[in-house]
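Asks: Next one to model:
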Amino acid sequence: MLLRRFLLVALLLGGASCSATWEGMKTDASRLFGGSDEPDDVVTEPEGVESVVVEAQRALARRGYDVGPPDGLVGPQTTRAILAYQRDHDLPRTGYVDDELLRSLRAGGG
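Replies: The predicted model follows:
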């Protein structure tokens, strides 16, 4: 995503600091941002996040919220369940497994 934004800006500005070829622009972007030219669509979670998500999914399921299978991934079903729980417990509606949600679930909310 960052690479694509850089390339778009470089093209719009005339590519003064970039090579004229796609490969040259990818190389320039990698050099500038210290990354690789691999796609950045795949986001890996920090270690331990998956287990926190599973904890939240299981707690929500025990309270009757349909999260789907507790797989450690926050997909559409889990997001809907989180939003419903947050609504029902007057929490800020983020749709995320955040500190406030975890505190409420761990305190036995519901």
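Asks: Distance-wise, check the closest residue in space to Gly68 that isn't next to it in sequence relative to Leu102.
Replies: Spatial nearest neighbour of Gly68, chain neighbours left out: Gln77 (3.9 Å); criterion: C-beta to C-beta, 6 or more residues apart in numbering. C-betas here are computed from N, CA, C, even on glycine. Relative to Leu102, Gln77 is positioned 19 Å away (criterion: C-beta to C-beta, to the nearest Å).
Asks: just Leu83 next, same as before
Replies: Going from Leu83 to Leu102 by C-beta to C-beta gives 15 Å.
Asks: and Ala81, how many neighbours?
Replies: Counted with other C-beta atoms under 10 Å, residues neighbouring Ala81 total 22.
Asks: What of Leu101?
Replies: Leu101, neighbours per other C-beta under 10 Å, totals 22.
Asks: Next, the contact list for it, please.
Replies: Residues near Leu101 by C-beta atoms under 8 Å, 6 or more residues apart in numbering: Ala56, Ile82, Tyr85, Gln86, Leu91, Thr94.
Asks: in what helix or strand does it lie?
Replies: Secondary structure assignment for Leu101, by DSSP states H and E: helix 99-106.
Asks: hey, C-alpha coordinates of that helix in CSV?
Replies: Taking Å, rounded to 0.1, in the frame of the first residue of the first chain, the C-alpha atoms of helix 99-106 are listed here in CSV:
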residue,chain,number,x,y,z
ASP,A,99,-8.6,-2.8,26.2
GLU,A,100,-12.1,-1.6,27.1
LEU,A,101,-13.8,-4.7,25.5
LEU,A,102,-11.3,-7.1,27.2
ARG,A,103,-11.8,-5.4,30.6
SER,A,104,-15.5,-5.7,30.3
LEU,A,105,-15.4,-9.4,29.2
ARG,A,106,-12.8,-10.3,31.9
